[in-house]
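task: produce atomic coordinates for the following.
(2 chains)
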Amino acid sequence: MTTFTRVPIDLVVVDAGPLITLSIAGELRLLQKFRRPIRILDVVKAECTRFRDKPGANELASWFSEAEGRDYSTIETPGHLARYLEAIAKEDAGDTNRPSQGIGDEAITWYLVNVSKIERGKDVVLVLLEDAAFGDGVLSTQTPEVAAVSTRAFLRTLQNFDLIESADAIIKRVEENSGGMRAMARYLADRPGRLGPNARTDWNAPLQSEDDGPDGGMSGGPSGGRSG
Amino acid sequence: MGVYETLEAWQQGEITYRRAMRLVGVDTIDDLYAAAYSSGVPIRYEASQSEIHLSDHAISLIERQLEKAVDVAVAVPGHSP
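Just a heads-up that it's a prediction; the model follows:
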C-alpha cells in the first residue's frame, strides 16, 4: 500500500450550489469549520443572487455584504463577471440558448489555474461544490491537484467528526425550507488533490485543531480582502 | 473518519461495506461505488480474504439448506425418489 504525504489545504473556494444549499438550511456558518480562508468568485455571487425570489437568494445577498472580509473574501475575475452579466441580459431578453451557463465554472477554473499568482504562493486548494459534471469532469481532468468535496460529503464528514449532530437533518431542512423547490444534489465526492506521486491534499486534520492555516484566520487574503 | 478515508478503508478490506455505508451516509452499495469513483478511490476488483471466507460460509449454509429440503421431500408419504 502506498503511503501518501498529506498536505493541509491553504484555501477553500465555494461554488454556487453549496452556498445556496447552506443558505437555505441556515448553515452558512459551517464554512468556518474548514478553518481556512474562504474565497467566493464575483461571478458565483452574481449567480447566487440573480433570482431574488428563489429560496436562499435574499439570505445569501445579506450574508455576502455582512460577512465579506470576515468570513470570506471575494475574488474578482477578469472579464468573467462582465460576460456573465451580458449573458443574463440576453437571457432576460428571450435568448433560450442559456449563454450564462458554465461561466461560473469557467471562472473557478481560471482562478484555480492562476491561484499561486493570485494568492501569493498559497496554492493547495479545495473546491466545495455540488455539481457532478463540474466535479467529475472539468476539475478532475483540468486541475487534478485541487481537492473536490461535495456538500453532501462535507456535511457527512462534519458529522463523523462530531462537529454537527446530523447531516441528514440539514439535508432534510433544505427541502423543507425551500418548500420542496430545492433538494441537495446526490453527488457525493471527497477527492483529495494529487500533488505529486506520493502527496495529496488533506482537509480533515484542521477540522478539530486550533490550526487556522497560513493566514491565521478565516477570511484573510493576500490583499486583506478583495483580490483581483 | 472522513469520507475519502472511509471509502479507501472499505476498498482495502479494512471495514465492511455496511460500516462504510453508515459513515458515508448512503443507502445502497451502488451509491457507495459511485462515491468511491467520484472520490478517486481505486476500486478493487478481486474479493478480499474476508469476503471469500464470508462467501464460502454462505454457500455452505445454502447447500446445507438444499440438502435438508431434499431430505424432507424424500420423507413425504407417497413420494417416489
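
contacts and neighbour counts: CA atoms only from here.
Fine.

report the backbone C-alpha coordinates of whichever strand or helix holds B:Arg18 in PDB.
Using DSSP states H and E, the element containing B:Arg18 is helix B:17-24. Extracted in PDB, the C-alpha atoms of helix B:17-24 (Å, rounded to 0.1, in the frame of the first residue of the first chain):
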ATOM      1  CA  TYR B  17     -19.500  -2.200   3.300                       C
ATOM      2  CA  ARG B  18     -22.200  -1.800   5.900                       C
ATOM      3  CA  ARG B  19     -19.900   0.300   8.100                       C
ATOM      4  CA  ALA B  20     -18.800   2.200   5.000                       C
ATOM      5  CA  MET B  21     -22.400   2.900   4.100                       C
ATOM      6  CA  ARG B  22     -23.100   4.300   7.500                       C
ATOM      7  CA  LEU B  23     -20.100   6.500   7.600                       C
ATOM      8  CA  VAL B  24     -20.600   7.800   4.100                       C
END
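
buried sites along the lengthiest helix in chain B?
Using DSSP state H, we find that the single longest helix of chain B is helix B:49-75. Buried residues in helix B:49-75, counted by 16 or more other Cα atoms under 10 Å in any protein chain shown: none are found.

report the distance from that helix to the chain centre.
Helix B:49-75 sits 16 Å away from the centroid of its parent chain (Cα atoms, centre = their mean, to the nearest Å).

per-residue confidence averaged over that helix?
Confidence over helix B:49-75, taken as the mean pLDDT, stands at 88.

what is the neighbour count of A:Ser150?
A:Ser150 is flanked by 27 other residues according to other Cα atoms under 10 Å in any protein chain shown.

likewise B:Glu46?
8.

and it, which of the three is it?
coil (DSSP: H, G, I helix; E, B strand; the rest coil).

mind checking how far it is from B:Gly13?
11 Å (Cα to Cα, to the nearest Å).

which other helices and strands does the helix holding B:Arg18 contact?
Packed against helix B:17-24 by the contact rule (3 or more Cα pairs under 8 Å, 6 or more residues apart in numbering or on different chains; DSSP states H and E) you find helix A:151-160, helix B:3-11, helix B:29-38.

contacts for the shortest one, please.
This points to helix B:3-11. Contact with helix B:3-11 is made by A:153, A:156-157, A:189-192, B:15-17, B:20, B:23-24, B:32, B:35-36, B:39, B:41-44, as judged by Cα atoms under 8 Å, 6 or more residues apart in numbering or on different chains.

hmm, try it at 7 Å
A:153, A:157, A:190-191, B:15-17, B:20, B:23-24, B:36, B:39, B:41, B:43-44 (Cα atoms under 7 Å, 6 or more residues apart in numbering or on different chains).

quick one: which two of these are the most distant?
Greatest spacing in the contacts of helix B:3-11, by Cα to Cα: A:Thr157 and B:Arg44 (23.2 Å).

out of those two, name the residue with the larger neighbour count.
Taking neighbours as other Cα under 10 Å, A:Thr157 and B:Arg44 compare with A:Thr157 leading, 25 against 12.

check A:Gln142 and give its pLDDT.
90.

so how far is the helix or strand encompassing A:Leu85 off the chain centroid?
Assigned by DSSP H and E, A:Leu85 belongs to helix A:80-92. The chain centre lies 21 Å from the centre of helix A:80-92; the measure is Cα atoms, centre = their mean.

just checking, what packs against it?
helix A:42-48, helix A:103-118 (3 or more Cα pairs under 7 Å, 6 or more residues apart in numbering or on different chains; DSSP states H and E).

in TSV: those, plus mean pLDDT, mean neighbour count and distance to A:Val125.
As requested, the helices and strands packed on helix A:80-92 are exported to TSV (pLDDT from 0 to 100; neighbours: other Cα atoms under 10 Å in any protein chain shown; distance: least, Cα to Cα, whole Å):
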stretch	mean pLDDT	mean neighbour count	distance to A:Val125
helix A:42-48	96	22	17
helix A:103-118	92	18	8
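
redo the ones you listed as CSV? Include distance to chain B.
What follows is the helices and strands packed on helix A:80-92, written out as CSV (distance: least, Cα to the nearest Cα, whole Å):
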stretch, distance to chain B
helix A:42-48, 23
helix A:103-118, 18
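
can I get the ones you listed in a markdown table including distance to A:Val149?
A markdown table is the format used below for those (distance: least, Cα to Cα, whole Å):
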| stretch | distance to A:Val149 |
| --- | --- |
| helix A:42-48 | 17 |
| helix A:103-118 | 14 |
